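> Need coordinates for the following:
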Amino acid sequence: MVAEVRLREVVDDDLPVFFEHWNDPEANRMAAFTAADPSDRTAFEARWARLRGDSSVTNRTIEVDAQVAGTISSWDNDGTREITYWLGREHWGKGVATAAVARFAELEPVRPLYGVAAKDNAASIRVLQKCGFVPVGESKGYANARGEEIDEIILALQT
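Presented below is the predicted three-dimensional model:
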């Protein structure tokens, strides 16, 4: 596990780092469900202004050793509460996502809390399962990053 993973409120200075992460082609391919055009800075800023202005959305910056490593959020999605996270690639495979999801699950009181991942995104599925999420279903969704409909797995944290 990483020495120091911390969640804190999102501040304006975090957004350039988030945008850099958002533009990583490999991360987009793995995440699959991304913006239609991740390089559109105006759309990115409008999205973050909307998310930060919506009191029903919980946003946190993930820090590792006092450096911005990514973001984690929850929101209401068709009557369910869903979690999402995004890490800069330099933080992959180091336990950062698992630590962040575990800490965020302590902040987010709604249960069940759902996580959805591309079915071939083994790393994200493994992170959610390590944090107590269990598979509860499958579906298909259009993945902008892949330009096609793909299989996705739905996981839920019940307690």
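> Mean pLDDT per element in the protein, and the minimum belongs to which helix or strand?
Least confident helix or strand of the chain, by mean pLDDT, DSSP states H and E, is helix 25-31 with a mean of 90.
> Once you drop chain neighbours, what's closest to the residue positioned nearest the centre of the chain?
For the chain, the residue sitting closest to the mean C-alpha position, by CA atoms, centre = their mean, is Tyr85 at 1.5 Å. Excluding its sequence neighbours, the residue lying closest to Tyr85 (CB to CB, 6 or more residues apart in numbering) is Ile72, at 4.1 Å. Using the backbone N, CA and C atoms, a C-beta is placed for each residue, glycine as well.
> now Ser56
In this structure, Ser56 finds its nearest non-sequential neighbour in Asp76, 5.5 Å apart by CB to CB, 6+ apart.
> for stretch 17-33, how far is the first residue from the last?
From its first residue to its last, stretch 17-33 covers 19 Å (CA to CA, to the nearest Å).
> Next, count neighbours for the residue nearest to Ser56.
Residues contacting Asp76 under the criterion other CB atoms under 10 Å number 12.
> so which strand or helix has it?
strand 67-77 (DSSP states H and E).
> Could you do Thr84 as well?
Remark: Thr84 resides in strand 80-87, with elements defined by DSSP H and E.
> Run a quick neighbour tally on Arg8.
Look at Arg8: counted by other CB under 10 Å, it has 11 neighbours.
> That one and Glu63 touch, don't they?
Yes: the pair Arg8 and Glu63 qualifies as a contact (CB atoms under 8 Å) at a distance of 6.3 Å.
> In three-state terms, label Phe19 for me.
helix (DSSP: H, G, I helix; E, B strand; the rest coil).
> which residues does it contact?
Shown in contact with Phe19 (CB atoms under 8 Å, 6 or more residues apart in numbering): 41, 44.
> Thanks a lot, see you next time.
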